[in-house]
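**Student:** give the three-dimensional model of this entry:
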Amino acid sequence: MKTVLETLQGGTAYLEKRGVADARLNMQLLLAAELGCSKLDLYMQFDRPLGEDELAPLRELVKRRGAREPLQHLLGEVEFAGQVFKCDARALIPRPETEELVLDLIKSPPLLAERDRIVDVGTGSGVIGLSLAHSWKDRGLDIVLVDQHEAPLTLAKENAEALELSSSVNFVQSDLLEKAPGPFKLIVANLPYVTSSEMADVSAEVLHDPPTALDGGADGLDLIRRLIVDAATHLSPGGNILLEIGAAQADATQMLLKDGPFNEITCLTDLSGRDRFVKASRTN
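**Tutor:** Sure, this is the predicted structure:
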């Protein structure tokens, strides 16, 4: 019968051999999830023997992680901006860059009046719109979550219910803003921006994300380009659009905005210093 420590060490070695980054942390999280405890609690019970009823399901999880199934899918959840969201193959796994975008918005919110309308375009699991709804729930805002596909929108609804935010947001299935009635004071979006040629080189874990949440076309800007056109008619005068983009797309995205009724166009960097977000206002 193996102890907690022996199981942790053996699983870590198995994941390392299969090229899983942060193998020990992955194994700690899988083991803690299976035992129903925190990662810290594992250190308090290293000598505890594990029965076959505990080891058998854990082996299956470790095997799946070794096959590069994302850790977030195996755990079934992800922490984002201080909240826990359900996470599965229906939507893109939230990235740290997107969390930066949301935390910056929460820290320095735009000028918004009661009943102003906000839309999260391509909402996926809903992490952007629901995080804003949670942080701004006392501001009386009208927050709309939009996605073209039913599966991710269903996941976003499940997350809204779990976070007790169902009454705070509205859901619209729409190709970008086609069926989302404006105007909006804030449009925020993390749309697909991986170029079609880059899709062949994404990691094994990323391949578990829906391709429609990744592939942005030849230059990665297909949907971003279309959203900027939509925003010209759906954004209130003086309203803001905030986009997450690929690290090499800042110049092209700013040029697209300059061709429309936008000003105060700025590029913001992520914590790694990469150009990752573009913000603009609509002229009055």
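
**Student:** contacts and neighbour counts: CA atoms only from here.
**Tutor:** OK.

**Student:** can you pull the contacts of the nearest residue to Leu5 once chain neighbours are set aside?
**Tutor:** Distance criterion CA to CA, 6 or more residues apart in numbering; nearest residue to Leu5, sequence neighbours excluded, is Phe46 at 4.7 Å. With contact taken as CA atoms under 8 Å, 6 or more residues apart in numbering, Phe46 is in contact with 3-5.

**Student:** go ahead and flag the most central residue of the chain.
**Tutor:** Nearest residue to the geometric centre of the chain (CA atoms, centre = their mean): Pro94, 2.3 Å.

**Student:** ok, now which ones touch that residue?
**Tutor:** The contact partners of Pro94, by CA under 8 Å, 6+ apart, come to 78, 80, 127.

**Student:** put together a markdown table for these, with pLDDT and neighbour count on each row.
**Tutor:** Listed next are those as a markdown table, based on pLDDT from 0 to 100; neighbours: other CA atoms under 10 Å:
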| residue | pLDDT | neighbour count |
| --- | --- | --- |
| Val78 | 96 | 17 |
| Phe80 | 97 | 19 |
| Val127 | 98 | 28 |
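
**Student:** among those residues, which one lies nearest to Ala218?
**Tutor:** The closest of the contacts of Pro94 to Ala218 turns out to be Val127 (CA to CA; 26.9 Å).

**Student:** so Ser197 versus Gly220, what's the distance?
**Tutor:** Remark: distance between Ser197 and Gly220 (CA to CA, to the nearest Å) = 9 Å.

**Student:** nearest spatial neighbour of Gly11, skipping sequence neighbours?
**Tutor:** Met27 (6.1 Å).

**Student:** what's the answer for Arg68, then?
**Tutor:** In this structure, Arg68 finds its nearest non-sequential neighbour in Glu205, 5.4 Å apart by CA to CA, 6+ apart.

**Student:** what's the burial count for the one you found?
**Tutor:** Residues near Glu205, counting by other CA atoms under 10 Å, number 17.

**Student:** was I right about it contacting Gly66?
**Tutor:** No - assessed by CA atoms under 8 Å, Glu205 is found out of contact with Gly66, at 10.5 Å.

**Student:** ok, the closest residue to Leu214 other than its chain neighbours - contacts?
**Tutor:** Excluding its sequence neighbours, the residue lying closest to Leu214 (CA to CA, 6+ apart) is Pro192, at 4.4 Å. Pro192 sits next to 212-216, 220-221, 223-224 when contact means CA under 8 Å, 6+ apart.

**Student:** Pro192 falls within a helix, correct?
**Tutor:** No - using DSSP: H, G, I helix; E, B strand; the rest coil, the secondary structure at Pro192 is coil, not a helix.

**Student:** residues contacting Glu158?
**Tutor:** By CA under 8 Å, 6+ apart, the residues touching Glu158 are Lys86.

**Student:** for it, give me phi and psi.
**Tutor:** Glu158 adopts backbone torsions of phi -60, psi -40, taken as degrees, to the nearest 10.

**Student:** and for Thr195?
**Tutor:** phi -70, psi 150.

**Student:** does it really touch Asp215, like I thought?
**Tutor:** Yes - counting by CA under 8 Å, Thr195 touches Asp215, with 6.0 Å between them.

**Student:** these two: who's more crowded?
**Tutor:** Per other CA under 10 Å, whichever of Thr195 and Asp215 has more neighbours is Asp215, with 22 against 18.

**Student:** which residues sit in contact with the more buried one?
**Tutor:** Shown in contact with Asp215 (CA under 8 Å, 6+ apart): 192-196, 199.

**Student:** save these as JSON lines, and put in pLDDT and distance to Gly10 too.
**Tutor:** Formatted as JSON lines, the contacts of Asp215 follow (pLDDT from 0 to 100; distance: CA to CA, whole Å):
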{"residue": "Pro192", "pLDDT": "96", "distance to Gly10": "38"}
{"residue": "Tyr193", "pLDDT": "96", "distance to Gly10": "38"}
{"residue": "Val194", "pLDDT": "95", "distance to Gly10": "36"}
{"residue": "Thr195", "pLDDT": "94", "distance to Gly10": "39"}
{"residue": "Ser196", "pLDDT": "93", "distance to Gly10": "39"}
{"residue": "Met199", "pLDDT": "92", "distance to Gly10": "33"}
